[in-house]
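>>> Mind folding the following:
(chains A, B, C and D)
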Number of protein chains: 2
Amino acid sequence: MEYQEAKDKFISTWGSLGTLWGINKAMAQIQSLLFISTKPLSMEDIMEELKISRGNTSTNLRQLMDWGIVTKELIPGERKEFFTTEKDVQELARHIAKERSRREIKPVIKVLKEVSSTKDDGTEKTKELIKQTKALHDLAETADTMMNKIVNQEQNWITKSLMKLIK
Amino acid sequence: MEYQEAKDKFISTWGSLGTLWGINKAMAQIQSLLFISTKPLSMEDIMEELKISRGNTSTNLRQLMDWGIVTKELIPGERKEFFTTEKDVQELARHIAKERSRREIKPVIKVLKEVSSTKDDGTEKTKELIKQTKALHDLAETADTMMNKIVNQEQNWITKSLMKLIK
DNA sequence: ATAAATTTTCAATAATTATAGAAAGTTTAG
DNA sequence: CTAAACTTTCTATAATTATTGAAAATTTAT
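Coordinates of the predicted model:
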């Protein structure tokens, strides 16, 4: 496979995977492009490469900055703004996990907590609701905690320990 | 909070979380409903409770069965079909993780492998593409392996060990 | 074999979400 | 201060995805 084909394939695959980590196509494609770029890119560069409009580029770049995985880079002598993404995959994973936890998982855990605290009126259906949502709550909380810890700081150490345990 | 309010809240929250694990709203809501039900439900029951059409119910029930988290239950003397979902959260998590890995993660890992095997033509940009996609490949593979192992059979044992390690 | 009960399929429609492109806003150089 | 360079915002439109509802298919009882 030659460079251009490989590049296109990467951007489109990684882009379509966006849904898996909860972002839209354009956002994922922009991030992909920056991820394999050897230098910061301007909005023009991105529009040009991905064939998307200025507005779309602007909006999605901002969202990527909100996620904390893309940053503005000011290049001396240049009036345009340039952008780069986090290049270290571990850091990238850490940011993404943290954001998803904050935005999606934590709020759900909160609701599960509330729901599982429903007053037990003695009926079978209420007992079932409480039991099941409590189980889900505990699972979600454990998974969230694990994910965050795993992906945090001491990654290398913990990952190694984990792999030893698991293998 | 009273039963009905809690139930509605659970179904709508868990339903909207569907996107997080890659399924649509109706599918997630049906699963939620079954999850807190004390007995198998018929298509009529589900349509009625969730106010969705027959076609929608049928389609989404089938998808849930494809995912392996809902099963048909035949009730003697009844002509209708009845449905139940996996009630054990660990089993549920196992099924979901396995399916997502198979449907989404594994194929992406395959593409990353291909892309990172691009012929090195000596240019900087090709080197960068190879380096970055290789890093992503390794990360994705590790994450996928961990997830599957964690969620598999020896769950209780491994979860306990993990929690000890991580805490 | 037939008809009633039930489920599935599928084309039309609705709802949602993404994108374009131009107007408005902002920043910078001189 | 002004004009050019650039970015953001916002509404109209396009694309995608979900949902309905009715016809077709299937199953079951007699």
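>>> so where does the residue nearest to A:Asn152 when sequence neighbours are not counted fall, helix or strand?
Once flanking residues are discounted, A:Asn152 sits nearest to A:Arg94: 6.5 Å by Cβ to Cβ, 6 or more residues apart in numbering or on different chains. In short, each C-beta sits where N, CA and C put it, glycine included. Assigned by DSSP states H and E, A:Arg94 falls within helix A:89-100.
>>> From the contact counts, what lies against the next helix-or-strand element following that helix?
Using DSSP H and E, the next helix or strand after helix A:89-100 towards the C-terminus is helix A:106-116. If contacts are counted by 3 or more Cβ pairs under 8 Å, 6 or more residues apart in numbering or on different chains; DSSP states H and E, helix A:106-116 sits against helix A:124-151, helix B:3-16.
>>> Report the rounded mean pLDDT for helix A:106-116.
Mean pLDDT, computed over helix A:106-116, is 95.
>>> who touches it?
A:129-130, A:133-134, A:136-137, A:140-141, A:144, B:1, B:6, B:9-10, B:13-14, B:17 (Cβ atoms under 8 Å, 6 or more residues apart in numbering or on different chains).
>>> With stretch A:29-49 instead?
Contacts for stretch A:29-49 (Cβ under 8 Å, 6+ apart): A:7, A:10-12, A:14-15, A:18, A:23, A:50, A:52-54, A:57-58, A:60-61, A:64, A:69-70, A:73, A:75, A:80-85, A:87, B:124-125, B:128-129, B:132-133, B:136.
>>> Near DNA strand C, list only the ones from these.
Contacts with DNA strand C within the contacts of stretch A:29-49, counted by Cβ under 7 Å from any atom of the strand: A:Ile52, A:Ser53, A:Arg54, A:Asn60.
>>> The residue of chain A most remote from its centre and DNA strand D, how far apart?
The C-alpha centroid of chain A is most remote from A:Gly122, which lies 42.1 Å away (Cα atoms, centre = their mean). Computed with Cβ to the nearest atom of the strand, to the nearest Å, the distance linking A:Gly122 and DNA strand D is 34 Å.
>>> check contacts around that residue.
So A:Gly122 contacts nothing (Cβ under 8 Å, 6+ apart).
>>> Look up the pLDDT of it for me, please.
pLDDT, A:Gly122: 95.
>>> Which of the three states applies to it?
For A:Gly122, the assignment made with DSSP: H, G, I helix; E, B strand; the rest coil gives coil.
>>> ok, whatever residue of chain A ends up closest to DNA strand C to A:Met47 distance?
Closest residue of chain A to DNA strand C, Cβ to the nearest atom of the strand: A:Gly55 (2.0 Å). Distance from A:Gly55 to A:Met47, counting by Cβ to Cβ, to the nearest Å: 10 Å.
>>> quick one, which of these two is more surrounded?
A:Met47 (18 against 9; other Cβ atoms under 10 Å in any protein chain shown).
>>> Please tell me how far that one sits from chain B.
19 Å (Cβ to the nearest Cβ, to the nearest Å).
>>> Now the helix or strand harbouring that residue - C-alpha only, PDB.
Taking DSSP H and E as the criterion, A:Met47 maps to helix A:43-50. Output of helix A:43-50 as PDB, limited to C-alpha atoms (Å, rounded to 0.1, in the frame of the first residue of the first chain):
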ATOM      1  CA  MET A  43      -8.000  25.700   8.900                       C
ATOM      2  CA  GLU A  44      -7.400  26.100   5.200                       C
ATOM      3  CA  ASP A  45      -5.200  23.000   5.200                       C
ATOM      4  CA  ILE A  46      -7.900  21.000   6.900                       C
ATOM      5  CA  MET A  47     -10.700  22.200   4.700                       C
ATOM      6  CA  GLU A  48      -8.700  21.400   1.600                       C
ATOM      7  CA  GLU A  49      -7.600  17.900   2.700                       C
ATOM      8  CA  LEU A  50     -11.000  16.700   3.900                       C
END
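>>> How far off centre is it?
22 Å (Cα atoms, centre = their mean, to the nearest Å).
>>> Give me the buried stretch members for that helix, please.
A:Met43, A:Asp45, A:Ile46, A:Met47, A:Leu50 (16 or more other Cβ atoms under 10 Å in any protein chain shown).
>>> okay, the closest residue to A:Lys72 other than its chain neighbours: pLDDT?
Leaving aside its sequence neighbours, A:Lys72 sits nearest to A:Glu81 (Cβ to Cβ, 6+ apart; 5.4 Å). On the pLDDT scale, A:Glu81 is placed at 97.
>>> Check A:Glu49 too.
97.
>>> can you check the one 10 residues further on too?
pLDDT for A:Thr59: 98.
>>> Need the three-state assignment for it.
Secondary structure state of A:Thr59, per three-state DSSP, is helix.
>>> Based on its surroundings, how many neighbours for it?
Close neighbours of A:Thr59, defined as other Cβ under 10 Å, add up to 14.
>>> Good, wrapping up.
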